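Enquirer: Fold the following.
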Amino acid sequence: MPGMDDAIALADLVRTGQATPRELVEAAIGRIEALDGGINAVVHRRFERALDEADALPDDPAMPFRGVPILLKDLGWNSEGDPCASGTRVLAKYRAQGDDHGVRRLRRAGFVVLGRTNTPELGTTITTEPVSTGPTRHPRDPAYSAGGSSGGSAAAVAAGMVPLATASDGGGSIRIPASVCGLVGLKPSRGRVSPGPRVSEGWGGFSVPGVLTRSVRDTAALLELLSGREPGDPYDAPPLRPVPPEPGVLRVGYLARDPRDGVPGDPDCAAAVENAARLLAGLGHEVAPGYPYQLGDHGFAGHYGVIVSSHVAAEVEHMGRMRGRPVEPGELEPRNQIMAAAGKKSGATRYIASLQWLNDFRVYLAEWWKRHDLLLTPAMGVAPFPLGWIPADDFTTAMDRTGRAIAFTSPFNATGQPAISLPLHRTAAGLPVGVQLVAAYGREDLLLSVAAQLEPHFTPLPEPGTPPGRSR
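Expert: Numbering: from 1, shown residues only. Coordinates of the predicted model:
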């Protein structure tokens, strides 16, 4: 049975005749059936259809990933005839009417979709513990969260069920589970990957589609595959630049602790950044402490919250139209009841005022990148946390802890800049801690080139088939 490797290696097995698409799919199905009972990453399985689709794939050199298995996040990433519940009970019976643009591109490249992965209700938190489908557990320690909102995808990839899975990021939802699970997680530039056709933009442009992978080369290949504006998209990123084999000497500023006064830092997150700064300096880059001081502006969180809560309120109304009757507050988890109610109260004037504030924020931050190439920070403001740490019944505590966790990621959802989480540290208990690199808008090429330089220093993933709670 073919073992788990990255997607490019699996595709090479098929291309060279060492494996068939069906064998790759059967192997992935076997790993999901063996491992997912202890993790709960895959909430919808379409195994029989996947095997039929693998058998029907033509021997076509235009399919670079022929037969490679993949999982889709159950938030966006619609695949025709499959559920797309967005982590809710409200849409439990909904079936997608067609493939999203990204799914069509994946199918054309030869990927075979095995199912859909767990996500928190409406993707509005950093841990994957929805009431509808239950919590996703960390592949190394089942008492811990796999992060969110792409936690199901991250856990499946980190456990070796599939080489990669789709994701999305509106405040850190690719980078946070990548950090927690020890994966490569790139949030592309706004407009780089189309979320359509059902969605023109997520959370006012904050949320973008992407993938979670086991290798930098897979991330680069999938970015190229998925990049490109589709008709009707409201944003258009600059042309994707080729990834240089060597990035040259880059000017890197770094920030190891939360820039806001009075917000406690995390020693593991700080250690991860300090270690990464030393690695980058050892590679010949110009590395020094420094960051855009506007990151410490307490006003950011309030304006970010206005945008997100307004879109949550609109999405709840849209779900009611999809099923034919309005959504009652009690059908939502307490967090989303509060967010939807706040979004309804915001009003158009406050929404526009927040957009204007965030536009100024984006302009201020862009100035820093005229003098620097990259910013290095923790990927998450807190170390990996246990299930239940984000309480479902205490909104104030949940928002405080979430705010600390996303302090380094959410600003770059507002600016639209690309950012990547890389697995370069572990806690004393062996849980991964990622660092984040941020580039100027449109410069994914720099992120991927430097990520490739750092890849020999990544913390290793568990061997495929390792039971939850154990690592090599």
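
Enquirer: Any idea what the nearest residue to residue 240 once chain neighbours are set aside is bridged to?
Expert: Of all residues not flanking residue 240 in the chain, residue 227 sits nearest, at 4.8 Å (Cβ to Cβ, 6 or more residues apart in numbering). Every residue, glycine included, has its C-beta placed from N, CA and C. Judged by DSSP bridges, the bridge partners of residue 227 are residue 193.

Enquirer: need the contact list for residue 227.
Expert: The contact partners of residue 227, taken as Cβ atoms under 8 Å, 6 or more residues apart in numbering, are 188, 192-193, 237, 240.

Enquirer: for those residues, which one is nearest residue 425?
Expert: Nearest to residue 425 out of the contacts of residue 227 is residue 188 (Cβ to Cβ; 24.0 Å).

Enquirer: for the chain, which spans come out with low pLDDT?
Expert: 1-4, 462-472 (pLDDT under 70).

Enquirer: which stretches of it form strands?
Expert: Secondary structure of the chain by DSSP state E: the strands cover 42-45, 69-73, 112-117, 164-169, 184-187, 208-213, 251-254, 286-289, 374-378, 419-426, 432-439.

Enquirer: Pick the most buried one from those.
Expert: Mean neighbour count (mean count of other Cβ atoms under 10 Å) peaks for strand 184-187 among the strands of the chain, with a mean of 32.

Enquirer: so what does that strand touch, helix or strand wise?
Expert: Packing contacts for strand 184-187, counted by 3 or more Cβ pairs under 8 Å, 6 or more residues apart in numbering; DSSP states H and E, involve strand 164-169, helix 175-181, strand 208-213, helix 216-226, strand 419-426, helix 444-454.

Enquirer: What strands flank the third one, and is each parallel or antiparallel?
Expert: Okay, so that is strand 208-213. Strand 208-213 is paired, per DSSP bridges, with strand 164-169 (antiparallel), strand 184-187 (antiparallel).

Enquirer: Would you convert these into a markdown table that also reports distance to residue 274?
Expert: Output for the strands paired with strand 208-213, formatted as a markdown table (distance: least, Cβ to Cβ, whole Å):
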| stretch | distance to residue 274 |
| --- | --- |
| strand 164-169 | 25 |
| strand 184-187 | 21 |
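
Enquirer: quick one, which of the ones you listed is nearest to residue 315?
Expert: Residue 315 sits nearest to strand 164-169 of all these, at 13.4 Å, using Cβ to Cβ.

Enquirer: Using PDB, write out every CA atom in that closest one.
Expert: Output of strand 164-169 as PDB, limited to C-alpha atoms (Å, rounded to 0.1, in the frame of the first residue of the first chain):
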ATOM      1  CA  LEU A 164      -3.000  18.100   1.900                       C
ATOM      2  CA  ALA A 165      -6.400  19.600   2.400                       C
ATOM      3  CA  THR A 166      -8.200  22.800   1.600                       C
ATOM      4  CA  ALA A 167      -8.700  25.600   4.100                       C
ATOM      5  CA  SER A 168      -9.600  29.200   4.500                       C
ATOM      6  CA  ASP A 169      -8.300  32.100   6.600                       C
END
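
Enquirer: angle of that strand against helix 216-226?
Expert: 70 degrees (axes from the mean of the first three to the mean of the last three Cα atoms, to 10 degrees).

Enquirer: And for residue 145, the neighbour number?
Expert: By other Cβ atoms under 10 Å, 27 other residues sit near residue 145.

Enquirer: do residue 16 as well
Expert: Residue 16: 8 surrounding residues under other Cβ under 10 Å.

Enquirer: Relative to residue 276, how far out is it?
Expert: Between residue 16 and residue 276 the distance, using Cβ to Cβ, to the nearest Å, works out to 36 Å.

Enquirer: And for residue 123?
Expert: Applying Cβ to Cβ, the value for residue 123 to residue 276 is 28 Å.

Enquirer: what do you get for residue 385?
Expert: As judged by Cβ to Cβ, residue 385 and residue 276 stand 21 Å apart.

Enquirer: and what of residue 435?
Expert: The gap separating residue 435 from residue 276 is 5 Å, by Cβ to Cβ.

Enquirer: what is in contact with these two at once?
Expert: Common contacts of residue 435 and residue 276 (Cβ under 8 Å, 6+ apart): 376, 422, 424-425.

Enquirer: List the residues that contact residue 199.
Expert: residue 76.

Enquirer: ok, now residue 163?
Expert: 4-7, 9-10, 68-70, 157, 213-214, 218.

Enquirer: Hmm, residue 435 is touching residue 273, no?
Expert: Yes. Applying Cβ atoms under 8 Å, one finds residue 435 in contact with residue 273, separated by 5.7 Å.

Enquirer: sorry, back to before: residue 385 and residue 276 - which one has more neighbours?
Expert: A count of neighbours by other Cβ under 10 Å puts residue 276 above the other of residue 385 and residue 276, at 26 against 19.

Enquirer: Does that one touch residue 454 like I think?
Expert: Yes. Residue 276 lies in contact with residue 454 (Cβ under 8 Å); the separation is 7.3 Å.
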